[in-house]
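[1] Next input, structure requested:
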Amino acid sequence: MESKKKILLVEDDEVLASVYHARLELEGFDIREAHNGEEALSAALDYRPDLILLDAMMPKISGFDVLDILRNTPETMNLRVVMLTALSQDKDRQRAESLGVDDYLVKSQVVIGDVVARVKHHLGMDI
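    All right, here's what the predicted structure looks like:
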């Protein structure tokens, strides 16, 4: 039996986090949550996720800074990171891309099914 793919869900809105958590679990993923940038960084090293769903605007350390640190840390530099954010401006997308994000999804422009589809795509689980 193949082990479940691990996803680190980094989202400071706990209601939204619980919705995504439930849906991703239904899809067969192993989920761990982090609610700020510090938690995200320690969980990335500890949990070793296959993919990180990363919010941009968070307390303590922003998603952009988390992404920057992940990309500059040997143990996490190759982790797949999908940003899921309310920031819809091109400059934010460009900033994320310059930091090496794998995908950039704007919350207001996607439904949860789209997010699940992108996650599966990046994990090579396309049907």
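[2] can you give me the helices in the chain?
    All helices of the chain, identified by DSSP state H, fall at 14-26, 37-47, 63-71, 90-98, 112-122.
[3] what about the closest residue to Gln109 other than its chain neighbours, how many residues close to it?
    Leaving aside its sequence neighbours, Gln109 sits nearest to Ser88 (Cβ to Cβ, 6 or more residues apart in numbering; 7.0 Å). In short, each C-beta sits where N, CA and C put it, glycine included. Ser88 has 12 neighbours, counted by other Cβ atoms under 10 Å.
[4] for Gly37, what are its contacts?
    Shown in contact with Gly37 (Cβ atoms under 8 Å, 6 or more residues apart in numbering): Val10, Met58, Pro59, Lys60, Ile61, Ser62, Gly63, Asp65, Val66.
[5] so can I have CSV of these showing neighbour count, pLDDT and distance to Pro49?
    Converted to CSV, the contacts of Gly37 look like this (neighbours: other Cβ atoms under 10 Å; pLDDT from 0 to 100; distance: Cβ to Cβ, whole Å):
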residue, neighbour count, pLDDT, distance to Pro49
Val10, 29, 97, 10
Met58, 24, 90, 17
Pro59, 11, 84, 21
Lys60, 14, 86, 19
Ile61, 16, 94, 17
Ser62, 17, 96, 19
Gly63, 27, 97, 15
Asp65, 16, 97, 18
Val66, 29, 98, 13
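[6] can I get these in a markdown table with distance to Gly28?
    Putting the contacts of Gly37 into a markdown table (distance: Cβ to Cβ, whole Å) gives the following:
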| residue | distance to Gly28 |
| --- | --- |
| Val10 | 20 |
| Met58 | 27 |
| Pro59 | 30 |
| Lys60 | 31 |
| Ile61 | 30 |
| Ser62 | 30 |
| Gly63 | 25 |
| Asp65 | 31 |
| Val66 | 26 |
